Each structure stands twice: as C-alpha cells, then as structure tokens.
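K.L.:
Predicted model and sequence follow; I will ask about them next.
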Amino acid sequence: MEGIFNRILALAEEYRDYTADNLSKLVRIKSLSTEERDVQAELKRQMEEAGFDEVFTDGFGNVIGRIGNGKKIVAIDGHLDTVDIGSMSNWSFDPLGGEIRDGFVHGRGTADQKGGVASFVTAGRILKEIGFSGDVTLYFTGTVIEEDCEGLCWKHIIEEDGIRPELVIITEPTGLKLNIAQRGRMEMQVNFRGRSSHGSAPERGENAIYMASRTALEIEKLNLRLASDEFLGKGSITVTEVISQSPSLCAVADYARLHLDRRLTAGETSESAVAEIEQLLQGIDAEVVLPVFTGKSFTGLDIVTDKYYPAWKMDTDHESVQLGVKVFNKLFGRSPIIDRWLFSTNGVMTCGIHGIPSIGFGPGDEAMAHVPDEKVAVNELVAASAFYAAIACEIAG
C-alpha cells in the first residue's frame with residue numbers, strides 16, 4: 001500500500017496544473033444557488049474527460065460521477081453553487097476570472113468550495129490511471145443549492161436517487177485539517193401583534209415595535225447563557241432582521257417581526273430552541289414561527305423544506321475518523337489536526353439527519369468563505385486530490 005500511496009502523491013503533483021486549470025474553468029462560470037446549470041455541465045464534462053465509469057445529472061441537478069461497482073458505497077461530496085460577488089470595490093481582482101498566479105487560484109468559490117470539487121475530479125483521474133479496483137463503489141457528488149439550503153441536495157440523493165453511502169467525505173474547506181463536526185443552525189420568526197392608535201395619542205395603542213424591541217434585548221441576554229460543548233463550542237442566537245407595519249406613519253405599529261439566526265451546539269434541538277424564545281414571550285401577544293425554504297432547482301423541481309439543520313459530531317475513535325487519520329498519516333507522514341467547521345455543511349443531512357458517518361477534508365481556508373479576494377493554494381488542491389484517491393484505495397484494501 002505504501003507504493004500505491006507514493007504513486008498517488010506523484011500523480012497528484014504531476015496533475016497540479018490540470019487541477020488548477022479545472023478549478024479556474026469552474027470559477028469562471030457564475031453559479032448562484034438554483035442557477036448552477038452551466039457549471040454543472042462543465043463539471044460533467046470534466047468527470048467524463050477524467051474517465052469516470054458513469055456520469056449523470058439527477059432530477060435535482062446534482063452531477064454524480066461513479067467509479068467502481070462494489071458493495072461498499074462511499075461518497076465524496078462538494079457543492080458547486082456560491083454566494084454572490086458583493087461590491088466589486090472590495091475585490092482587488094476579477095472574482096470570476098479564475099486567475100492562477102503566485103501559487104493560488106483566485107476567485108469566487110475557489111475555497112467555498114469549487115476547489116474541493118476540482119480536487120476530487122483529479123482524484124478520480126488518478127484512480128482510473130492506477131487501475132483502482134475492489135468491492136467498492138465511489139460516488140463523486142457535485143451538489144447544488146447548498147448555500148441557500150445545505151443538505152437538501154443530499155435528501156434527494158438518499159431518498160430519491162436511492163444512494164446511501166456507508167461513508168461521506170465532505171470537501172468543504174478545512175485547511176487540510178480533518179473535520180468531524182459542525183454546529184447546527186435554524187431560523188425562527190417571532191410575530192408580535194399590537195394595536196394601532198393615532199400617533200398623537202400612542203398611549204391608546206400597543207406598539208408592536210416596542211414589544212419586539214424589549215424581546216430583542218432579552219434575546220441578546222439569552223445568547224450569553226446558551227449551552228456550550230467542549231468541542232463544538234457555544235450555541236448562539238442573534239436578531240438578523242426587524243420588520244414592522246402600521247396603518248400609516250402617523251399611527252402606532254400594530255405588527256412587528258424579528259428574524260432570528262440560531263446556531264445549535266451538541267444537545268440542542270429545534271424544540272429546545274423554540275421553547276427558549278417562548279419563555280421570553282410570556283405575557284406578550286406573540287408567536288414563534290419556523291420558516292420554510294421554498295424554491296425551484298435549475299431542473300424545474302419545486303422545493304419546500306424546513307429551515308432546520310441539526311448539529312452533528314463524530315467520535316474521534318469512530319472507525320471512519322480513524323480511517324481518515326490513518327490515511328493522512330501514511331500519505332503525509334504526520335498526524336492530522338482534528339477540528340470542526342464554524343459554518344454549516346451538507347453533513348447536516350448525511351450525518352445529522354440520516355446518521356451516515358461523515359468526515360471533512362478540503363483545500364482552502366474556512367475564513368476565505370464568502371469574503372472578497374477569495375483564493376485557494378494550489379498546494380492544497382494537490383494534497384486534497386491525493387487524499388481522496390488514497391482513502392478510496394485504503395477502503396478498497
């Protein structure tokens with residue numbers, strides 16, 4: 001096996017420019033959530049060019065490549081949608097240029113997370129070149145709509161495509177650390193019902209804005225006393241939007257709404273998070289509502305789902321985590337740093353809801369996600385492509 005790993009490392013380095021060029025091509029295609037059609041076509045072309053055994057696009061718009069046809073099913077996942085560019089004045093280069101210079105690929109999505117996808121395409125090419133075999137089926141999933149609704153793509157893969165892996169490797173940026181957990185998240189809306197009166201006599205009404213404002217200050221205090229987990233860290237809550245309405249600008253507001261972003265640590269659930277807010281609302285005419293995500297994939301599929309994405313955490317002694325540690329050590333001659341993501345990933349569905357063992361390893365710095373001047377080191381692309389190919393070989397034995 002040591003000989004195979006050395007060959008994988010050599011091929012990953014040999015294909016350095018190939019990986020960077022493929023990433024550059026993906027970056028040059030703008031691909032906001034639900035608008036991924038063109039970038040998915042390019043990924044399909046790259047997979048076919050790399051010699052994958054099968055490549056298809058499912059009804060949700062996910063591009064899925066397959067290598068092997070064994071009983072053990074393993075998936076390597078990365079999403080192709082990105083957030084928007086934001087103000088161009090914050091960028092020092094073309095965010096859709098895909099420029100390769102100074103050892104980096106530059107542009108929107110390089111770290112979050114087209115870099116992981118370009119690396120797994122190279123891993124597939126390496127596996128085909130070395131004659132990968134064994135009782136394993138590898139699926140390489142280029143997924144969609146992750147930025148708007150993480151995990152939803154995998155709900156379709158598992159429940160509609162009928163693909164349920166025994167292990168999922170998430171290629172979100174980890175800075176080449178081995179990530180095994182993330183906090184969850186959910187959204188809540190709190191609707192406040194007041195009573196309007198003329199603005200010249202506010203005492204005759206009940207101002208819904210004041211009700212919401214007092215509650216917002218209590219939510220600020222709640223954030224300080226939320227539970228914490230030694231590994232995942234502390235849960236959090238914040239108000240992200242305030243909306244109000246009244247019969248006129250000369251009348252007391254009879255309605256207000258707070259939108260809340262809630263990050264969930266280990267042991268916290270949507271039920272417990274809602275109960276905390278309801279406790280603050282005692283004696284107030286208000287209700288907590290859990291919003292739903294609605295949309296349409298680029299394939300035309302209608303989407304409706306709750307905006308709840310549970311936390312998940314793998315035990316460090318789990319065989320899947322130890323597999324990642326073993327492969328990293330054999331490949332790079334040192335032990336990996338074991339960590340977790342601050343943000344949310346498709347693992348909310350694979351591990352958080354469906355209980356499928358999931359680990360993360362990807363090129364790029366998590367801090368590069370969603371920021372101007374996003375970039376990823378080509379050295380990390382090379383290392384990631386080697387890791388994905390090596391872990392497949394280790395699983396196949």
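P.N.:
Ah, there it is. Keep in mind that this is a model prediction, so the values were computed, not measured. Numbers count the residues shown, from 1 in each chain.
K.L.:
give me every residue that touches residue 52.
P.N.:
65-67, 124, 128, 140 (Cβ atoms under 8 Å, 6 or more residues apart in numbering). For every residue, glycine as well, the C-beta is placed using N, CA and C.
K.L.:
Spatially, what comes nearest to it if we skip its sequence neighbours?
P.N.:
Among residues not flanking residue 52 along the chain, residue 65 sits closest, at 4.1 Å (Cβ to Cβ, 6 or more residues apart in numbering).
K.L.:
buried stuff in the lowest-mean-pLDDT helix or strand in the chain?
P.N.:
Every helix and strand in the chain was compared by mean pLDDT, DSSP states H and E; the lowest is strand 302-306, with a mean of 92. Neighbour counts using 16 or more other Cβ atoms under 10 Å place residue 303 of strand 302-306 among the buried residues.
K.L.:
What's the mean pLDDT across whatever helix or strand comes next after it?
P.N.:
Along the chain past strand 302-306, the next helix or strand (assigned with DSSP states H and E) turns out to be strand 308-309. On average, the pLDDT along strand 308-309 is 94.
K.L.:
can you check stretch 249-268 too?
P.N.:
97.
K.L.:
now could you export just the CA positions of that stretch as PDB?
P.N.:
C-alpha atoms of stretch 249-268 as PDB (Å, rounded to 0.1, in the frame of the first residue of the first chain):
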ATOM      1  CA  LEU A 249     -46.600  56.700   9.500                       C
ATOM      2  CA  CYS A 250     -48.700  58.700  11.800                       C
ATOM      3  CA  ALA A 251     -50.100  55.600  13.700                       C
ATOM      4  CA  VAL A 252     -48.800  53.200  16.300                       C
ATOM      5  CA  ALA A 253     -47.400  50.000  14.700                       C
ATOM      6  CA  ASP A 254     -49.800  47.100  15.100                       C
ATOM      7  CA  TYR A 255     -47.300  44.400  13.900                       C
ATOM      8  CA  ALA A 256     -43.600  43.700  14.100                       C
ATOM      9  CA  ARG A 257     -41.400  40.700  13.300                       C
ATOM     10  CA  LEU A 258     -38.000  39.600  14.400                       C
ATOM     11  CA  HIS A 259     -36.000  37.200  12.300                       C
ATOM     12  CA  LEU A 260     -33.600  35.100  14.400                       C
ATOM     13  CA  ASP A 261     -30.400  33.100  13.400                       C
ATOM     14  CA  ARG A 262     -29.800  30.300  15.900                       C
ATOM     15  CA  ARG A 263     -26.700  28.200  15.900                       C
ATOM     16  CA  LEU A 264     -27.100  24.900  17.700                       C
ATOM     17  CA  THR A 265     -24.400  23.100  19.700                       C
ATOM     18  CA  ALA A 266     -24.500  19.500  20.800                       C
ATOM     19  CA  GLY A 267     -27.700  18.500  22.600                       C
ATOM     20  CA  GLU A 268     -29.700  21.500  21.300                       C
END
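K.L.:
How far off centre is it?
P.N.:
25 Å (Cα atoms, centre = their mean, to the nearest Å).
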